[in-house]
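**Q** could you work out the structure for the sequence below:
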Amino acid sequence: MNAVNRPAIATEGLTKYYGNVRGIEGVDLEVGRGQIFGLLGPNGAGKTTTIRLLLDFIRPTRGSAHVLGMDARRKSVEIRRRAGYLPGELAIYDNLTGVEFFEYVSRLRGKVEPPDLSAICERLDFDTRRKLGTLSRGNKQKAGLIQAIMHKPDLLLLDEPTSGLDPLVQEQVHGLLREAASRGATVFLSSHILSEVEELCERVGIVREGRMIAVEAVDDLKRRAVRRMTIEFAEPIDAATFERLPGITEIEVRGRQVRCRVVGSLDSVVKAAARFQVENITTEEPGLEEVFIEYYSGGPARNAR
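**A** Here you go, the predicted model:
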C-alpha cells in the first residue's frame, strides 16, 4: 500500500511514560483520510500526549505511529509542514499583530492564499490589526485556529479547539472543520465537550487512564448504550413477561404501563410486547454524554462490547 492509500493516522502499541508516570499505554488506532475523529476523555486521560506523539514533539517509550503514510519520527518535519496544529495551551507572540503573526507563520509553511485567510478571519470575526497580547482568551483561541487552518493542511490536529469560544463562533469553527473534511483533509480533535463531538465526528475514541477503551462510530456507540423504554398496554401486564429478557434492567410495572432500561437491541422487548395489545411505545435515545458516562463507570454500555 502506497503512502496515499494508507490511513491518515495509524498507531501500534503507542506508549509514553514520563518517568514512572503513565501518559498513554498500548494505543492501537487507525483514522481514515477525510474523517473527523474525536478523542474523548477527561483531563489527564492522555489526549494531549497522543497528539504530541503524532507530531513528534515528544518521543514514545515504545510503539510506533504513522501519520499521512509517514513514520512520525523519521518524517516529522514533512508531517508538520502538511499538518495544522492547535495546542491546548497556545503560546503566541504578544508583540505581533494578527497580520504579522499570520505572515510569519505563512512564511514557515507557504501555500497561504490571502483571500482564503481574509475569509477565515471574517467568519471568525477576528480583528487582525490588534496585537495578540491585548486579546481576550477567546480571540487568542481564534488566532490559534486560523493559523492551523489557513494553509489548507492535509491533517488538522486540534486540542480542545473551541475552548473559550462563544456558541456562535463555535458554529463557524464547526463549519470550517466540515469544509476541511469535505475537501479530503483529516480532522483529529480532542475534546471534553461531548455535544460538539457528537455533532462533528463520525468516529470517536474513548481514553481512560491512558488506554483506549473504545474506538467506534458514534452511531454504533449510541446503539449499544442504555435506552429507557416505556410501553403502554391495553390491559395490565405481568412484569415476569420482561424480567428474563436479555439486556433488560430496572423493570417497573404500573398497571398497564411498563418502564425499563434496555442495553443494545430492542428486538427481544418488542417481540415480547407484541404478544399483547400495545397502545404506545416510547424510547429515550441516549446522547454521547450518557454513553461516555457509562464507559467511565464500567456500566452496561462498556460491558456490552
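
**Q** can you give me the mean pLDDT across the helix or strand where F101 lies?
**A** Using DSSP states H and E, F101 sits in helix 98-109. Mean pLDDT, computed over helix 98-109, is 91.

**Q** ok, then the element right after it?
**A** helix 114-123.

**Q** who's in contact with that next one?
**A** 98, 102, 106, 126, 128, 146, 149-150, 152, 172, 175-176 (Cβ atoms under 8 Å, 6 or more residues apart in numbering). Just so you know, the C-beta spots here come from the backbone N, C-alpha and C atoms, and that holds for glycine as well.

**Q** do that again at 10 Å, thanks
**A** 98-99, 102-103, 106, 113, 126-128, 142-143, 145-147, 149-152, 169, 172-173, 175-176 (Cβ atoms under 10 Å, 6 or more residues apart in numbering).

**Q** how far away is the most centrally placed residue in the chain from L200?
**A** In the chain, the centroid-proximal residue (Cα atoms, centre = their mean) is G38; its distance is 1.6 Å. For G38, the distance to L200 equals 7 Å [Cβ to Cβ, to the nearest Å].

**Q** what touches both of the two?
**A** Common neighbours of G38 and L200 (Cβ under 10 Å, 6+ apart) are 187, 189, 191, 193, 218.

**Q** list the residues that contact the last one.
**A** Contact criterion Cβ under 10 Å, 6+ apart gives 38, 197-204, 288, 291 as the residues in contact with V218.

**Q** the same query, at a cut-off of 7 Å, please.
**A** When contacts are counted by Cβ atoms under 7 Å, 6 or more residues apart in numbering, V218 touches 198, 201-204, 288.

**Q** any idea how far L177 is from it?
**A** Separation of V218 from L177 (Cβ to Cβ): 15 Å.

**Q** specify the helix with the largest residue count in the protein.
**A** helix 167-182 (DSSP state H).

**Q** ok, and for it, which residues are buried?
**A** Using 16 or more other Cβ atoms under 10 Å as the burial criterion, the residues of helix 167-182 that qualify are 169-170, 172-174, 176-177, 180-181.

**Q** quick one: which helix or strand includes F188?
**A** In the assignment (DSSP H and E), F188 maps to strand 186-191.

**Q** direction included, what does that strand pair up with?
**A** Paired neighbours of strand 186-191 in the sheet (DSSP bridges): strand 36-40 (parallel), strand 155-159 (parallel).

**Q** what residues does the first one touch?
**A** Residues from elsewhere that reach strand 36-40 (Cβ under 7 Å, 6+ apart): 31, 47, 50, 177, 181, 187-191, 197, 200-207, 292.

**Q** average pLDDT for it?
**A** 94.

**Q** now that strand, how far from the centre of its chain.
**A** 2 Å (Cα atoms, centre = their mean, to the nearest Å).

**Q** and the angle for it with helix 167-182?
**A** Relative orientation of strand 36-40 and helix 167-182, computed by axes from the mean of the first three to the mean of the last three Cα atoms, to 10 degrees: 130 degrees.

**Q** number the residues from 19 up from this point.
**A** That works, and once the first residue is 19, the last one we named lands at strand 54-58.

**Q** what is the orientation angle of the next helix or strand after strand 54-58 with strand 204-209?
**A** The helix or strand immediately downstream of strand 54-58 is helix 65-72, counting by DSSP H and E. Helix 65-72 and strand 204-209 are oriented at 150 degrees to each other (the same axes, to 10 degrees).

**Q** what's the following helix or strand after helix 65-72?
**A** Tracing the chain past helix 65-72, the next element assigned as helix or strand by DSSP H and E is strand 80-85.

**Q** show me the contact partners of that following strand.
**A** By Cβ under 7 Å, 6+ apart, strand 80-85 touches 24, 27-33, 71-72, 90, 97, 173.
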